[in-house]
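K.L.:
3D, please:
(one chain, ligands or ions: 1)
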Amino acid sequence: MTKFLSVTGGKPLRGCVDISGSKNASLPALAATILTDDKVTLSNIPELEDISIFLKLLTSLGKKISIDSKNCISIEGSLSSIIAPYEYVSAMRASILVLGPLLTKYHKAIVSLPGGCKIGLRPVDLHIKALRQMGAEISQDKGNIEAQCKILNGSEVLFTKVTVTGTQNVLMAAVLGRGATKILNAAIEPEVITLIELLSSMGAQIKLTGTTIYVQGVKKLHGTSFRLGPDRIELATYYLAVAATKGKVEINVSSDSCIKHTLNQLSAVGKADILSNKVKIDFSNAEINPVSFITNVYPGIATDMQPLLCVTNSIANGPSVIKEQIFENRLQHLPELARLGSKYEIQGNEVRFEGGSEYTGTTLNVTDLRAGAALVIGAISAQGKSQIYDYFHILRGYENFIEKLSSLGADIAVN
Ligand code: UD1
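P.N.:
Here you go, the predicted model:
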């Protein structure tokens, strides 16, 4: 029988919760281990489905992986294959991140084309264009990207659109390339900065000025031990869940500049008390403020936060307007939120929320990771019972999601 999440809403979240390591920073870090045969030890890696898939992909390429302790993984050895098969790439688009490292270290790569997904087309044309500019010969055959080169040459790469995985792929290709690479209009999301820090700790020569990344290729990278920072989107998820349920929670999170920035954005919904390793949020007597925004590249409001903010905007104390401009099809959670009680009008990718909507539990279907998290926030804040189908999407990106919410008093269980 199909399993679903069963939620009885209406209970304010209370207690204390820890934020896990960043999923979106961990995946490129795993890809970067291809760049050296030495041992790379990564700690604070969250235990979740997307990480498991990436580890299976690395194992299929020939890497030796050991789990040192909870959330700490060591990866070493040279590769026995340069083929990233469809079963992994189709399961997780971030697998495309192996293309740059394979090409620069092994001069050959066959990576399945990730194809579109529910939130949009998600092309990789800019990755391919940039790698070609660095001297790679790339063709597409039967759904695979086949790439080869004698050596990758440093080059001046201008991204006509800011792309996070594109920047990460080219950056990893450039660190072992010949000569200097300049990446213009690079993404400077915290997950790119983390990758720069990791690669630098492996011996890469990288400098960032504004949105330009300068790389001086080196012959070899070495092993390292590196700790991933906290997940800014997981932080936003719990913050907004506390707001939506009118709860009172302490979130344990170390406060680096990226986390401070995220907290600053979230404070528009309602203020929190920010301490060095903790955020105290109390919405028991506080209003939920609406936030109007257009999703944007960093330091704008991340597209991953948009579905979550749609929930608080629906029940907030006034109207708001939001626009999704990163992905063409990332509003699929709205018809589901309407079933809970959201009142809004959509025109293209712009949504006008009335505010003041009252949620009651219902049957819901999850279409993607963040949409799923938004539906759960909606369901735990609603009066009555909800059944949430296809919740596996959520487990791909959140460590112990059900357990953490239950520990905060949410009535949520797998049925
Ligand atoms: C994007 C988000 C990232 C988020 C992730 C998962 C941005 C800039 N990136 O990263 O914050 O964590 O989704 O939700 O907000 N594009 C092309 N050609 C390419 C590559 C990208 O046209 O070769 C377009 C995409 O279709 C999209 C935009 O550029 O409209 C940004 O894409 P990109 O940053 O590459 O997506 P992700 O890396 O998945």
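
K.L.:
Following the chain past the helix or strand of the chain with the lowest mean pLDDT, name the next helix or strand.
P.N.:
The weakest-scoring helix or strand in the chain, judged by mean pLDDT, DSSP states H and E, is helix 86-89 (a mean of 90). Following helix 86-89 in sequence order, the next helix or strand is helix 99-106 (DSSP states H and E).

K.L.:
mind giving me the domain split of this structure?
P.N.:
Under the assignment automatic domain parsing, the domains of the chain span 4-20+230-414, 23-227.

K.L.:
What's the end-to-end length of the last one?
P.N.:
Read it as domain 23-227. 13 Å (Cα to Cα, to the nearest Å).

K.L.:
go on, the shortest one?
P.N.:
Domain 4-20+230-414 has an end-to-end distance of 6 Å (Cα to Cα).

K.L.:
Now do that domain: distance to the chain's middle.
P.N.:
Computed by Cα atoms, centre = their mean, to the nearest Å, the separation of domain 4-20+230-414 from the middle of its chain amounts to 15 Å.

K.L.:
can that domain be found next to the ligand?
P.N.:
Yes. Under the criterion of Cβ under 6 Å from any ligand atom, the ligand is reached by domain 4-20+230-414 at Val297, Ala302, Thr303, Asp304, Ile326, Phe327. The C-beta positions use only the backbone N, C-alpha and C, and glycine is treated the same way.

K.L.:
Look up how far the ligand lies from Ile196.
P.N.:
Remark: distance between Ile196 and the ligand (Cβ to the nearest ligand atom, to the nearest Å) = 16 Å.

K.L.:
Can you pull the phi and psi angles for that residue?
P.N.:
In terms of degrees, to the nearest 10, the main-chain angles of Ile196 are phi -60, psi -40.

K.L.:
excluding its backbone neighbours, what's nearest it?
P.N.:
Taking Cβ to Cβ, 6 or more residues apart in numbering, and ignoring the residues beside it in sequence, Ile196 has Ile206 as its nearest neighbour in space, at 5.2 Å.

K.L.:
what about the one you found, distance to the ligand?
P.N.:
Distance from Ile206 to the ligand, by Cβ to the nearest ligand atom: 19 Å.

K.L.:
What of Cys16?
P.N.:
Cys16 is 27 Å from the ligand, by Cβ to the nearest ligand atom.

K.L.:
my guess is that residue contacts Glu250, does it?
P.N.:
Yes. With contact defined as Cβ atoms under 8 Å, Cys16 and Glu250 form a contacting pair (4.7 Å).

K.L.:
Give me the more crowded residue out of the two.
P.N.:
Glu250 (19 against 12; other Cβ atoms under 10 Å).

K.L.:
That one pairs with what?
P.N.:
Under DSSP bridges, the beta-bridge partners of Glu250 are Cys16, Lys280.

K.L.:
for Ile388, same thing?
P.N.:
Applying DSSP bridges, one finds that Ile388 bridges with Leu5, Leu364.

K.L.:
ditto for Ser112
P.N.:
Beta-bridge partners of Ser112, as defined by DSSP bridges: Asn144.

K.L.:
Out of the residues of domain 4-20+230-414 next to the ligand, which end up buried?
P.N.:
Val297, Ala302, Thr303, Asp304, Ile326, Phe327 (16 or more other Cβ atoms under 10 Å).

K.L.:
which residues does the third one contact?
P.N.:
When contacts are counted by Cβ atoms under 8 Å, 6 or more residues apart in numbering, Thr303 touches Thr295, Glu324, Ile326, Phe327, Arg330.

K.L.:
let's see 6 Å
P.N.:
By Cβ atoms under 6 Å, 6 or more residues apart in numbering, the contact list for Thr303 reads Thr295, Ile326, Phe327.

K.L.:
Need these in a markdown table (columns: pLDDT and secondary structure).
P.N.:
A markdown table is the format used below for the contacts of Thr303 (pLDDT from 0 to 100; DSSP: H, G, I helix; E, B strand; the rest coil):
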| residue | pLDDT | secondary structure |
| --- | --- | --- |
| Thr295 | 98 | strand |
| Ile326 | 96 | coil |
| Phe327 | 94 | coil |
